[in-house]
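Visitor: Okay, sequence plus prediction incoming.
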Amino acid sequence: MHDPGKYVSEVRSGSQWLTKFRGGELAVPPMPTARAVLLAGLGGVVAISLLAGLSAWLSTPLVLGSFGATCVLVFAYPDVPFSQPRNIICGHVLSSLIGLAFLAVFGPHWWAAGLAAGTAIVAMMLTRTVHPPAGSNPVIVFLAQPGWGFLLYPTLLGAVLITLLAACYHNATREANYPKYW
């Protein structure tokens, strides 16, 4: 027998779910100063140009697609936890390591890429090294299918260079210190 009350309850909970898409009560964040915007953009230019230039000069890959997003965080929002050195370096290395391990064990399957990405998220959260751009490293690994050397070049060396550059750059252009913690 059909219970009409149950149907009304399901419709109500469905409409309540849809209302969540309206968003919360928070206002749009304030516009950053022109100086902050220009310094963030310049930091990204310098970091990616340095990595790309060194890559060409050394004939060693130092640029990783996720490093562009790392630059957004580290140069535009240097004070947030995601932008701290341990998060940048450990997040990238851990995520690439997991991607490489899953690729080696399971092969280049769609489901293995998903498991690698999810495992990288869990591992970064458990180690307190969450760096959102690094979440794409397992996907990059599955797309490119590199060897184990990918962990050192471009992952580790690139992340270390961005972090060192960010420390020099921020401490030269801002009053606040960078990093907030190691």
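Guide: All right, it came through fine.

Visitor: contacts and neighbour counts: CA atoms only from here.
Guide: Noted.

Visitor: Following the chain onward from the lengthiest helix in the chain, which element is next?
Guide: In the chain, assigned by DSSP state H, the helix with the most residues is helix 34-58. Under the assignment DSSP states H and E, the closest C-terminal helix or strand after helix 34-58 is helix 66-71.

Visitor: tell me how far that next one is from the chain's mean position?
Guide: 7 Å (C-alpha atoms, centre = their mean, to the nearest Å).

Visitor: Repeat that for stretch 138-152.
Guide: Computed by C-alpha atoms, centre = their mean, the chain-centroid distance of stretch 138-152 equals 16 Å.

Visitor: Name the residues of that stretch that are buried.
Guide: 138-142, 145, 150-152 (16 or more other C-alpha atoms under 10 Å).

Visitor: now these as a markdown table including distance to Gly65 and pLDDT?
Guide: Converted to a markdown table, those look like this (distance: C-alpha to C-alpha, whole Å; pLDDT from 0 to 100):
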| residue | distance to Gly65 | pLDDT |
| --- | --- | --- |
| Pro138 | 12 | 98 |
| Val139 | 11 | 98 |
| Ile140 | 8 | 98 |
| Val141 | 11 | 98 |
| Phe142 | 13 | 98 |
| Gln145 | 14 | 98 |
| Phe150 | 13 | 98 |
| Leu151 | 14 | 98 |
| Leu152 | 15 | 97 |
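
Visitor: Next step: those restricted to strands.
Guide: Using DSSP state E, no member of those sits in strands.

Visitor: Go through those and flag which are in helices.
Guide: Per DSSP H, the subset of these in helices is 138-142.
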